[in-house]
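Asker: missing the sequence, but the structure's below:
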């Protein structure tokens, strides 16, 4: 049963354009995340938010910016996309992001292709 | 550098056989080790997890083993089924740290009938 919803499923764009991805979770979790999964399936955390507050911000290019309106929504904006941004962007949520053994619930991802 | 390493990168087993995936880590503060399963077109989903105070956890056909001294863990799947074909990720995190789960590179498992 899907509880983390991502839109769009796919997006194709050209270098230099701006894109935005949306994520909503209906689990009542406090923490949400953005992960990037590259063509080799490698998963890397980009950002995490706890109750609308940024708590993890990995070293990602400044063209990436997360946006959170409430604890159920976490969007990702990419200004001026580059070819290396082509990947699957996965949104996830968890009950508590304080280093406890929480379970991450992932959405099905947004596949970005930059031409 | 990759803090959590998995092997093999890909694996094919026959239906009914036993699958063994392995994982090693470097950070001795890691104490929580989940395994996630990802099917094509879907996000990863938690399969089984273990804390560093245990050396074995079993859930049906899936068992994870943990060796603290060697900093290694493994996932065993007995009676492997074609429906088990997926990519498996081990991961690690530390209690009390930031909300940061470190994933391994993944193992693509194919179970042939």
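Answerer: Yep, it's here. Remember, predicted model here, so these are calculated numbers, not experimental data.
Asker: and the gap between residue A:69 and chain B?
Answerer: Distance, residue A:69 to chain B, using C-beta to the nearest C-beta, to the nearest Å: 20 Å. C-beta here means a position set from N, CA and C on the backbone, and glycine is covered the same way.
Asker: Correct me if wrong, but residue A:84 is in a helix.
Answerer: Yes - under DSSP: H, G, I helix; E, B strand; the rest coil, residue A:84 falls within a helix.
Asker: Find the nearest non-adjacent residue to it, please.
Answerer: residue A:114 (8.0 Å; C-beta to C-beta, 6 or more residues apart in numbering or on different chains).
Asker: Contacts only, for that neighbour.
Answerer: Residue A:114 sits next to A:13, A:14, A:15, A:81, A:82, A:83, A:84, A:85, A:86 when contact means C-beta atoms under 8 Å, 6 or more residues apart in numbering or on different chains.
Asker: Give me the pLDDT for it.
Answerer: Here the pLDDT value assigned to residue A:114 is 97.
Asker: same check, this time on residue A:86
Answerer: pLDDT at residue A:86 comes out at 97.
Asker: Show the residue spans covered by the strands in chain A.
Answerer: A:4-7, A:10-13, A:19-25, A:31-37, A:43-50, A:53-57, A:64-70, A:73-78, A:87-94, A:105-106, A:110-114 (DSSP state E).
Asker: Could you save the ones you listed as a markdown table and add columns showing distance to residue B:64?
Answerer: Below are these laid out as a markdown table (distance: least, C-beta to C-beta, whole Å):
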| stretch | distance to residue B:64 |
| --- | --- |
| strand A:4-7 | 24 |
| strand A:10-13 | 34 |
| strand A:19-25 | 27 |
| strand A:31-37 | 22 |
| strand A:43-50 | 18 |
| strand A:53-57 | 26 |
| strand A:64-70 | 32 |
| strand A:73-78 | 30 |
| strand A:87-94 | 20 |
| strand A:105-106 | 20 |
| strand A:110-114 | 30 |
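Asker: Would you mind saying which of those lies nearest residue B:62?
Answerer: Closest approach to residue B:62 among the strands of chain A is made by strand A:105-106 (18.8 Å; C-beta to C-beta).
Asker: name the helices or strands packed onto the lowest-mean-pLDDT helix or strand in chain B?
Answerer: Of all helical and strand segments in chain B, the minimum by mean pLDDT, DSSP states H and E falls on strand B:102-103, at a mean of 91. Packing partners of strand B:102-103 (3 or more C-beta pairs under 8 Å, 6 or more residues apart in numbering or on different chains; DSSP states H and E): strand B:86-92.
Asker: sorry, back to before: just give me the lowest mean pLDDT stretch among the strands of chain A.
Answerer: strand A:53-57 - the lowest mean pLDDT of the strands of chain A, at a mean of 76.
Asker: Tell me if that one is near chain B.
Answerer: Yes - applying C-beta under 8 Å from any C-beta of the partner chain, one finds strand A:53-57 touching chain B at A:55, A:56.
Asker: Which positions within stretch A:12-25 qualify as buried?
Answerer: For stretch A:12-25, burial by neighbour count (16 or more other C-beta atoms under 10 Å in any protein chain shown) applies to A:13, A:19, A:21, A:22, A:23, A:24, A:25.
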